[in-house]
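> Provided below for reference: sequence and predicted model.
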Amino acid sequence: MRRVRRPKRGQPPTTTAAMEELIVLLQAAIEAANVERWALEHGEARPPAGLKGLLRTNAYEVTVVDAFHRLARRHLERHGYVGVWERPLLTGRRGRPKAIDVSLFHDATKKESRIELGLYTKSKLRDDARKLHREQGNPGLPGYEIEFNLLAFWELKPAKTTALVIDDWMQTFINDAADVSTADYTVQPLLASTMDLFAAETSGHRYAVVGLFEVRSTAQQPAL
């Protein structure tokens with residue numbers, strides 16, 4: 001079961017079909033990475049009892065992003081995009097450059113869309129929104145304009161997704177986005193998507209929620 005909510009019911013979607021497909025692929029990557037981790041660890045000797053409840057039970061962020069990279073490549077090519085993972089920001093300064101998790105380049109339109117990925121927390125929403133807003137320039141790539149600054153964050157819960165669950169998440173995303181917005185930029189939730197995941201336990205449940213946000217400078221015109 002997969003459920004989707006936008007900030008207001010009946011509101012015309014501000015996301016493109018390509019964006020929504022990327023969210024589906026991200027949820028598929030979350031599923032694949034976590035199933036692989038369970039399969040690799042299934043049947044292994046149990047760790048000391050004193051560590052029960054303290055160990056990680058879900059795939060690492062980098063594993064999910066790597067799975068997303070593999071799954072999204074063909075999708076991006078079909079839509080005319082070249083995906084660059086860990087896209088360096090060419091500032092001309094010495095030292096290792098900062099990087100964007102994923103940049104999508106559309107050569108025909110000379111547009112770049114930037115995406116930061118990771119586990120959802122309000123502090124990460126604030127930090128990555130600030131990062132995308134500050135890195136508005138595009139040195140080293142003349143002719144390209146930034147089309148979208150996006151945040152795609154996820155969380156896993158040991159429960160079954162319901163209409164109430166996704167409504168609660170959408171409200172959380174709306175409230176948190178309002179709190180981290182500033183006079184210089186706004187963080188706008190575009191959609192929330194929940195999907196039931198594989199659960200090894202008998203009668204067990206688990207779901208992944210993904211929030212998609214756009215960071216927009218207050219000087220920008222509203223998105224179409």
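Perfect, thanks for sending it.

> Okay, helices next: where are they in the chain?
Ranges of helices in the chain, per DSSP state H, are 17-41, 61-78, 122-134, 163-180.

> can you tell me which of these comes nearest to Leu104?
Set against Leu104 and scored by C-beta to C-beta, the helices of the chain come closest in helix 61-78, at 6.4 Å. (Each C-beta comes from the backbone N, C-alpha and C, glycine too.)

> buried set for that closest one?
Residues of helix 61-78 classed as buried under the neighbour-count rule (16 or more other C-beta atoms under 10 Å) are Thr63, Val64, Val65, Ala67, Phe68, His69, Leu71, Ala72, Leu76.

> Show residues contacting that helix.
By C-beta atoms under 8 Å, 6 or more residues apart in numbering, the list of residues contacting helix 61-78 from outside reads 21-22, 25-26, 28-30, 32-33, 36-37, 82-83, 85, 101-102, 104, 117-119, 154.

> For the least confident helix or strand in the chain by mean pLDDT, which helices and strands make contact with it?
Taking mean pLDDT, DSSP states H and E as the measure, the helices and strands of the chain show their lowest mean at helix 17-41, namely a mean of 81. Secondary structure elements in contact with helix 17-41, counted by 3 or more C-beta pairs under 8 Å, 6 or more residues apart in numbering; DSSP states H and E, are strand 2-5, helix 61-78, strand 145-157, strand 185-196, strand 207-217.

> which intervals of the protein have sub-threshold pLDDT?
Counting by pLDDT under 70, the ranges of the chain that qualify are 9-16, 37-38, 40-60, 90-97, 137-140, 200, 220-224.

> swap the cut-off to 80 and go again
Counting by pLDDT under 80, the chain contains low-confidence ranges at 8-19, 36-60, 89-97, 136-143, 199-204, 219-224.

> Grab the most central residue of it for me.
Within the chain, one residue has its C-alpha closest to the average C-alpha position: by C-alpha atoms, centre = their mean, that is Ala152, at 1.8 Å.

> circling back: among the buried residues of helix 61-78, pick out the one closest to Tyr185, please.
For these, with Tyr185 as the reference and C-beta to C-beta as the criterion, the closest is Val65, at 24.2 Å.

> distance of that closest one from Leu71?
The gap separating Val65 from Leu71 is 11 Å, by C-beta to C-beta, to the nearest Å.

> and Thr121, backbone torsions?
phi -150, psi 160 (degrees, to the nearest 10).

> For it, grab the count of nearby residues.
Other residues lying near Thr121 total 12 when counted by other C-beta atoms under 10 Å.

> show me the contacts for it.
Counting by C-beta under 8 Å, 6+ apart, Thr121 touches Phe153.

> Need the nearest residue in space to Phe213, chain neighbours excluded.
Excluding the flanking residues, the one nearest Phe213 by C-beta to C-beta, 6 or more residues apart in numbering is Leu151, at 4.2 Å.

> got a markdown table for the helices of the chain, with distance to Thr202 too?
Shown next, in a markdown table, are those (distance: least, C-beta to C-beta, whole Å):
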| stretch | distance to Thr202 |
| --- | --- |
| helix 17-41 | 14 |
| helix 61-78 | 26 |
| helix 122-134 | 34 |
| helix 163-180 | 22 |
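
> closest one to Leu191 among those helices?
Distances from Leu191 to each of the helices of the chain were compared using C-beta to C-beta; the shortest belongs to helix 17-41, at 7.1 Å.
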